[in-house]
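Enquirer: Give me a 3D structure for the following:
(2 chains)
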Amino acid sequence: MDRRKYLKTLAVGTVGAGVLMESCKPETAKEVKDAAAPAALNYDRTPAELQHEAKLQAETFFDAHEMKTITVLADIIIPKDETSGSASDAGVPDFIAFIVKDMPRYQVPLRGGLAWLDLQCMNRFNADFASCTPQQQIEMVDLIAYPEKAKPELKQGVAFFNTMRDLTACGFFTSKIGIADLGYAGNKPNQWNGVPPEVLEQYGMKYDERTLEISVKFDA
Amino acid sequence: MPEFQIKKTQKAYDVCIVGSGAGGGMAAYVLANAGIKVVLLEAGPLYDPAKNVTQLKWPWESPRRGASTPYRNFGDFDAAYGGWELDGEPYTHKDGTKFDWFRSRMVGGRTNHWGRISLRFGPKDFKHRSIDGLGDDWPIGYDDVAPYYDKVDKLVGVFGSIENFDNEPNGIFLPPPRPRLHELFIKESGQKLNIPVIPSRLSILTKPINKDRGACFFCSQCNRGCTVHADFSSSSVLVKPAIATGNVDIIPNAMVREVLTNAEGLATGVSFVNKDDKQEYTVTAKTVILAASACESARLMLNSKSSRHPNGISNSSDVVGRYLHDSTGAGMGGIIPKLIGRKRYNEDGVGGMHVYTPWWLDNKKLNFPRGYHIEYGGGMGMPGYGFGFGMQGTNGKYPGRDGVQKEAGGYGASLKDDYRYFYGANIGMAGRGEAIARIDNYCEIDPNTVDKYGIPVLRFHYKWSDYEINQAKHMKETFQEIIHNAGGVVTWGNDGTAENQYGLEAPGRIIHEVGTTRMGDDPKKSAVNKHNQAHECKNLFVVDGGPFVSQADKNPTWTILALAMRASEFIIDEKKKQNL
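Expert: Predicted structure coming up:
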């Protein structure tokens, strides 16, 4: 949604989800069409699950403006650094777009939180969050990113940002690049021979004689 | 021709088994190998983890990153079809009480996703009334079951260690895996507190035991089902080889309605609705074995009314459905600051804990009569949905990599590094305890409600007593001590109050429900005899958790398997003697 449309919605005095959706209808319709062909899942699914997945994939919840805002926020929360790419590089906005359909309990808090954020930015900077300058965006985020020092009147924003932080981090660290970044080393056939010796040493630990004697061991 | 008709299956069977989980699978295995013709009815579809694969999938392959759904309550990759609620198959509650009922509708039932914790009951567990005056003694003792535990150990495979505890019997064990790093911290903490922390006992093959099943390759995903059948699930370890004998016909998607009886009150077979073609069928058999789960088998018996069995089959005692009890459960978790910023390596290990704590105290000195065991978790597991949630509750509490304490919450490169930094430093623990079986905790037929097949449904009535609540309080106090002595800080679960029953989980949540068709010598006080045989219908047997008189501080599966094997051998004997 562009700023003029947004101001118009504000002018009628109702920032409810229905109004926002109404004003974004053409984009929504297009997205439904794009999502109509369900992506294949490569793991065991029952017929009821396949039906459910197809239904979810055909739905669209967030409009283009909301997705734009989510993407900006996600990349503020998890930016590119020397180790790995950003939240949007890892597909986090798509994950969030899906999870609100899969878990409808997120819908009102996120949609409402995005509207809250836009309204705050309108009041402060005369622009919705996504249209603010990067400096303005950070100024706004600083007000809601630290639960223990945020002003009481901004607590709703804190709750929204906590949810965004959770979903962004979770979406990132469960993605391919996020798992590589984290260094999770499993999910492959292997033989467990216990904690590596240098790690035991680091913590001043060792396996007692009996444990070594009775436990299964494999040739290195 | 009427539009509605009941079709008879042509073949007559020696034995009809209802349910293919631990009990039904074992009965099918033992009987089929003795040359007995068996029909095995299962309310869900066929399932083989070698074909129905979710193992070794990555979180990003699931659009919800492995989160649970109404179809998979334990996560998108979990093996169980079913859950706490099944579409069109409700259950209800009485007097505002709570009981959550988990049902897996699939070949192998709940053994496809279970924790593989394979504990024998001890000598005291069969005779607890003699010790504390509560509940009832079993009509059998440890010595009656021990030979079957031995056979189950050898047939199925279980790892563990010989400890010679008096009420935690030794088994025939495969070698256990070495503890993970956080488990060494827990073990050390236990030593300081005089709490035993010993190798866990899980039915996972750390060594191959036959040519049909592979050995564990340490992916930690037993709950997804194992493609090489290296863990115990009834589907792959019992049902599959039972069918291979040629003596078992399996009918999937068969929702059994009732046990059919003749004028003498003997079982003649069962009627069922086929979920695929929605038609009604009957199947005849000389012996009927119920193994549909404790509550489902009780439901079947209560719904099987006839002139000879007006109160449900073999239920003139009015015991069927009563004495329902689940294990107690409470949990707590924390962070071990020493493990923050730890070195990465693959520590997946087997599915679940490598160490556990069996019950170690004397209840005579405590304000609750029965014990609990402790299960442990933690470490560098595969991230999934929920990973990193609540970082604002963690990253403001500990100095960061640079030694500086920062403001909780945040965003950006510094926050991104926090997830790496705190990864793998968490530990968690859960108590699983024994509840007292009581006549006023029960399931019964709801007089007003049927499921989508027209079968009257169960209505539950269940309340915890102070015994269970005091036990949960003790669990919480112990967990806190263990975490503190491991150098850790509690991060969740330290919220026990009298009002929330010290975090005691709602009945049913531990999915160990037993007792609904309990065994005994007195037909007025029990539903089946010590051979799992119905007192008032000699060719009807129940081999799931229903016949348990009491559910020990263990997990029920190993005892279900042992008793199902024992009952099946009894059936074979009785058939030889032409008593069945």
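
Enquirer: Tell me which residue lies nearest the centroid of chain A.
Expert: Computing the C-alpha centroid of chain A and ranking residues by CA atoms, centre = their mean puts residue A:168 first, at 2.9 Å.

Enquirer: give me the element it is part of.
Expert: Here residue A:168 sits within helix A:155-173, counting by DSSP states H and E.

Enquirer: near chain B at all, that helix?
Expert: Yes - judged by CB under 8 Å from any CB of the partner chain, helix A:155-173 and chain B are in contact via A:158, A:161, A:162, A:165, A:166, A:169, A:170, A:171, A:172, A:173. The way it works is simple: take the backbone N, C-alpha and C, and place the C-beta from them, glycine included.

Enquirer: ok, now which ones touch residue B:452?
Expert: By CB atoms under 8 Å, 6 or more residues apart in numbering or on different chains, the residues touching residue B:452 are B:88, B:89.

Enquirer: Give me the helix or strand of the chain that scores worst on average pLDDT.
Expert: Since you didn't name a chain, this refers to chain A. helix A:17-23 (a mean of 37; mean pLDDT, DSSP states H and E).

Enquirer: Chain B was what I was after
Expert: strand B:6-18 (a mean of 89).

Enquirer: What pairs with that one, parallel or antiparallel?
Expert: strand B:38-41 (parallel), strand B:280-290 (parallel) (DSSP bridges).

Enquirer: Mind listing what's buried along that strand?
Expert: B:9, B:13, B:14, B:15, B:16, B:17, B:18 (16 or more other CB atoms under 10 Å in any protein chain shown).

Enquirer: Leaving out sequence neighbours, find the closest residue to residue B:238.
Expert: In space, and not counting its chain neighbours, residue B:238 is closest to residue B:25: 3.4 Å by CB to CB, 6 or more residues apart in numbering or on different chains.

Enquirer: starting at the chain centroid, how far to stretch A:178-191?
Expert: 22 Å (CA atoms, centre = their mean, to the nearest Å).

Enquirer: Is there proximity between that stretch and chain B?
Expert: Yes - legend: contact between stretch A:178-191 and chain B by CB under 8 Å from any CB is shown at A:178-179, A:181-191.

Enquirer: so who does residue B:296 touch?
Expert: Residues near residue B:296 by CB under 8 Å, 6+ apart: B:19, B:103.

Enquirer: can you check the one 4 residues further on too?
Expert: Residues counted as contacts of residue B:300 (CB under 8 Å, 6+ apart) are B:18, B:256, B:258, B:259, B:290, B:292.

Enquirer: Enumerate the residues of the stretch 201-350 of chain B near chain A.
Expert: Near chain A, when you scan the stretch 201-350 of chain B using CB under 8 Å from any CB, you find B:206-207, B:217-220, B:338, B:342-350.

Enquirer: Can you say which two of those are spatially most distant?
Expert: Across those, no pair lies farther apart than B:207 and B:338, at 33.5 Å, counting by CB to CB.

Enquirer: Looking at the two, which one has more neighbours?
Expert: residue B:338 (17 against 11; other CB atoms under 10 Å in any protein chain shown).

Enquirer: surely that one meets residue B:487?
Expert: Yes - using CB atoms under 8 Å as the test, residue B:338 is close enough to residue B:487 to be in contact (5.6 Å).
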